[in-house]
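Undergrad: This is a predicted model, with the sequence first.
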Amino acid sequence: MSKREAYSILYIEDDKDIRANYINYLNRHFDKVFEAADGEEGYDNYIKNRPDIMIVDINLPKLNGLDLVGKIRESDHSIKVIMLTAHSETKYLLEATELKLTKYLVKPVSRSELKDALSLVIDELSNFETKSKKRIVLKDGFSWDIQRVELLKNNSSSVLTNKERSILTLLFSSVNTTYTYDEIIIDVWYEDDYDRDKLDALKTIIKNLRKKLPKDTIKNVFGTGYKIEI
């Protein structure tokens, strides 16, 4: 890890001095570095920034490191995780193994150990791609279940009309990709020759969908169409 990496990283540690020391080191090696002081703040930061890598202390206030990573692993199997802990007992190791960690480091962690762990993470990110086939996690407890084609809030299904479901299915099929008005109307109404009424109907459905989703999930690309942005 001799050059500055283009990946983003989230470091979660409740000890202010230790966190400052790590953040100073990480800022020299990564383009984007985020930090959090407890598990709940760490989860909110994860949802907001979608980092490529997480370094997580196991003993966190509010939500411990194991539970935090377990919560994230319900829908995200691509983020790389390095767990830091003062424990080396078998029960922690066994629990951590199920979370698909890249590395489990016992404190105190030297700079060389951290550097080696980060090099391993970067190697995995560079050479392998893992995508979740189950859910796309949104803000405020919302998620889109790809297999069941359902919008969930805190794991409870939201009521959608058939047209709303069809539009979300299309938009979530490629997050951050803009779909034109034509593409959406053809996909949802099966019509390649439509009048103004269909465009007005689409805009009305989008307006209603926005009330059922976290703010700014559906973005309007002026004069072109819509996209899901997370």
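TA: Nice, I can see it.
Undergrad: So which residue is smack in the middle of the chain?
TA: For the chain, the residue whose C-alpha lies nearest the mean C-alpha position (Cα atoms, centre = their mean) is residue 50; its distance is 4.3 Å.
Undergrad: Let me know the pLDDT of the nearest residue to it once chain neighbours are set aside.
TA: Nearest residue to residue 50 in three dimensions, chain neighbours excluded: residue 230, at 7.1 Å (Cβ to Cβ, 6 or more residues apart in numbering). (Each C-beta comes from the backbone N, C-alpha and C, glycine too.) Residue 230 carries a pLDDT value of 78.
Undergrad: and residue 230, what does it touch?
TA: By Cβ atoms under 8 Å, 6 or more residues apart in numbering, the contact set of residue 230 is 50, 136-139, 175-176, 217.
Undergrad: Same check on residue 85?
TA: Contacts were defined as Cβ under 8 Å, 6+ apart; by that measure residue 85 touches 57-59, 65, 92, 104-107.
Undergrad: switch to 6 Å and redo it
TA: residue 58 (Cβ atoms under 6 Å, 6 or more residues apart in numbering).
Undergrad: who does it bridge with?
TA: In this structure, residue 85 has the following beta-bridge partners (DSSP bridges): residue 106.
Undergrad: Which of the three states applies to residue 34?
TA: Of the three states, residue 34 takes strand under DSSP: H, G, I helix; E, B strand; the rest coil.
Undergrad: Do I have it right that it meets residue 50?
TA: No: taking Cβ atoms under 6 Å as the definition, residue 34 is not a contact partner of residue 50, at 10.0 Å.
Undergrad: first vs last residue of stretch 126-136, how far apart are they?
TA: Between the opening and closing residues of stretch 126-136 there is a gap of 22 Å (Cα to Cα, to the nearest Å).
Undergrad: Report the residue spans of this structure with pLDDT below the cut-off.
TA: 1-4, 88-99, 128-134, 191-194 (pLDDT under 70).
Undergrad: ok, which stretches of it are strands?
TA: 5-12, 30-36, 53-57, 80-85, 103-106, 135-137, 142-145, 150-153, 156-157, 179-180, 218-221, 225-228 (DSSP state E).
Undergrad: Can you give the domain ranges for this structure?
TA: Residue ranges for the domains of the chain, per automatic domain parsing: 5-127, 135-228.
Undergrad: Quick one: end-to-end distance for the first one.
TA: So the one you mean is domain 5-127. One end of domain 5-127 sits 15 Å from the other (Cα to Cα).
Undergrad: what about that domain, distance to the chain center?
TA: Relative to the mean C-alpha coordinate of its chain, domain 5-127 is positioned 14 Å out (Cα atoms, centre = their mean, to the nearest Å).
Undergrad: got the contact list for residue 30?
TA: 5, 9.
Undergrad: Kindly recompute the last result at 7 Å.
TA: 5, 7-9 (Cβ atoms under 7 Å, 6 or more residues apart in numbering).
Undergrad: repeat for residue 22
TA: 11, 13.
Undergrad: All set now, cheers.
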